[in-house]
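Peer 1: Got a predicted structure plus its sequence, pasted below:
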Amino acid sequence: MLGAGPMDRLREAGIASGPGEVFARHKGLGLLVRRGVGDEIDSLETFAASDLQYVMATPRERGARAQYLKTLKSLIGRARTERLQAREVSDFPGRIAIQHRDIPHAVMNDIAPVGIVFTHLAAFYADRWPERLRHVAVPEAESFGTEIRISKTVRPAANPSLVEAFNDFLMLNSPVVYPAAGFSDMGDGQRDRGD
Amino acid sequence: MAVGMASFALASCTTSYDRATPGSLSWPAYGPDTGVLRVDAGLDRNDGLTNAVPDIVGPVDGSAALTIFTEGNHYPVLLPLLLEAFPAHCADTGLCDVTAEDILVVTLPQVMIVAGLERGGAFASATPSCPSVLTVPSIPIC
């Protein structure tokens, strides 16, 4: 399960069997804000105008980071994005270069009061720890969201019928469960069967 | 079929910062294994690392009936769907037969997934530099 680019790379390497089938599309970045520090933050604009530090995916997580920077440059401009980057906290104790672990860890442990992370993750963590975290949606970032695809490996599966059963189960249920978890509602017309 | 390494560790950087307190966050748990991560041999379950990086869930000894490698950002949706709803669907419909204990799912960043698969399932770090290096088991691809 990967984005289009990484899946194509695996296909070209003879690992993935095809370009994959789209089953979800996320809504791009959102903000994860620590309660009691960033209470005035209610939008990307107010965050950009503040002096609060933040954490974001590492350069090693290049796909997500590139997408965040592209979104920021488009929404608040290149110059403001560059000034914003001066407030980024890059290294901190325990960082493992896995944003879905690093960002809530940093925001909840006084490393930075704000995290830039996919909005469905920000919402999930804020819902998980509501006394400590807030989710600030950035609706204008949705157009920068990307798809997630599923493809089988070229190497035969240990249990091919089970793989088929899961694929069918995912494609049947993802139009409901992913939007309910903060992903885009793609509708039938936006899905493609790339295999 | 390859068998997973009996090790799982976060390597420390040699820069100015210290290692994390591994138990500082109690991550949401899914599936039947209360420790989230189930590695069948060689892992000291009391070292705290299971609570720091719960991104490999399931058997890594080659016994998995279904293995999913995925970018990790949708794990809050995928894990309950895969480890709870799908086995229930199989049991209810009779169309398939699997338990959560038979499913291996890896939810790391895309770059790690791609690099690991290109190396035939060796999910060791390709970039031994800070920020911290992640070392994870070799995982059978099928």
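Peer 2: All right, it came through fine.
Peer 1: Flag every buried residue along stretch A:55-64.
Peer 2: Judged by neighbour count (16 or more other Cβ atoms under 10 Å in any protein chain shown), stretch A:55-64 contains these buried residues: A:55-58, A:60-61, A:63-64. To be clear about C-beta, it is placed using only N, CA and C from the backbone, and glycine gets the same treatment.
Peer 1: Does chain B have contacts with stretch A:121-141?
Peer 2: Yes. Using Cβ under 8 Å from any Cβ of the partner chain, we find that stretch A:121-141 touches chain B at A:121, A:124, A:128.
Peer 1: Tell me how chain A divides into domains.
Peer 2: Domains of chain A are assigned by automatic domain parsing as A:4-25+A:147-190, A:29-144.
Peer 1: ok, back up a step: quick check on the residues of stretch A:121-141 next to chain B: which are buried?
Peer 2: Members of those classed as buried by 16+ other Cβ under 10 Å are A:121, A:124.
Peer 1: Reformat the residues of stretch A:121-141 next to chain B as JSON lines; add distance to B:A91.
Peer 2: Shown next, in JSON lines, are the residues of stretch A:121-141 next to chain B (distance: Cβ to Cβ, whole Å):
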{"residue": "A:L121", "distance to B:A91": "31"}
{"residue": "A:F124", "distance to B:A91": "27"}
{"residue": "A:R128", "distance to B:A91": "28"}
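Peer 1: Which member of the residues of stretch A:121-141 next to chain B is positioned nearest B:A122?
Peer 2: A:L121 (27.4 Å; Cβ to Cβ).
Peer 1: In contact with that closest one, which residues are there?
Peer 2: A:L121 makes contacts with A:30, A:32, A:99-100, A:103, B:73, B:76, as judged by Cβ atoms under 8 Å, 6 or more residues apart in numbering or on different chains.
Peer 1: Check it and give its pLDDT.
Peer 2: pLDDT recorded at A:L121 is 96.
Peer 1: do the one 4 residues further on as well
Peer 2: Residue-level confidence at A:Y125 comes out at 91, pLDDT.
Peer 1: Run a quick neighbour tally on it.
Peer 2: 26 (other Cβ atoms under 10 Å in any protein chain shown).
Peer 1: same check, this time on B:L82
Peer 2: Neighbour tally, B:L82, other Cβ under 10 Å: 25.
Peer 1: For it, which residues are in contact?
Peer 2: Listed by Cβ under 8 Å, 6+ apart, the contact set of B:L82 reads A:166, B:68, B:103, B:105.
Peer 1: which secondary structure elements does the lengthiest helix in chain A contact?
Peer 2: As assigned by DSSP state H, the longest helix anywhere in chain A is helix A:160-180. Packing contacts for helix A:160-180, counted by 3 or more Cβ pairs under 8 Å, 6 or more residues apart in numbering or on different chains; DSSP states H and E, involve strand A:21-25, strand B:66-71, helix B:86-93.
Peer 1: Ranking helices and strands of chain A by mean pLDDT, which lands last?
Peer 2: Between all helices and strands in chain A, the lowest mean by mean pLDDT, DSSP states H and E belongs to helix A:99-108, at a mean of 89.
Peer 1: Pull out the buried positions in stretch A:100-107.
Peer 2: By neighbour count with 16+ other Cβ under 10 Å, stretch A:100-107 contains the buried residues A:100-107.
Peer 1: which SS state does A:R149 fall under?
Peer 2: strand (DSSP: H, G, I helix; E, B strand; the rest coil).
Peer 1: Spatially central residue in chain A, please.
Peer 2: Centroid-nearest residue in chain A: A:F118, 3.2 Å away (criterion: Cα atoms, centre = their mean).
Peer 1: May I have the beta-bridge partners of that residue?
Peer 2: A:L29 (DSSP bridges).
Peer 1: circling back to that earlier point, how about the CA coordinates for the least confident helix or strand of chain A, as PDB?
Peer 2: Presented in PDB, the C-alpha positions along helix A:99-108 are these (Å, rounded to 0.1, in the frame of the first residue of the first chain):
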ATOM      1  CA  GLN A  99       6.200  11.200  11.500                       C
ATOM      2  CA  HIS A 100       3.200   9.300  12.800                       C
ATOM      3  CA  ARG A 101       5.200   8.600  16.000                       C
ATOM      4  CA  ASP A 102       7.500  11.600  16.200                       C
ATOM      5  CA  ILE A 103       4.900  14.400  15.800                       C
ATOM      6  CA  PRO A 104       2.600  13.500  18.700                       C
ATOM      7  CA  HIS A 105       5.600  12.600  20.800                       C
ATOM      8  CA  ALA A 106       7.100  16.000  20.200                       C
ATOM      9  CA  VAL A 107       4.000  18.000  20.700                       C
ATOM     10  CA  MET A 108       3.000  16.200  23.900                       C
END
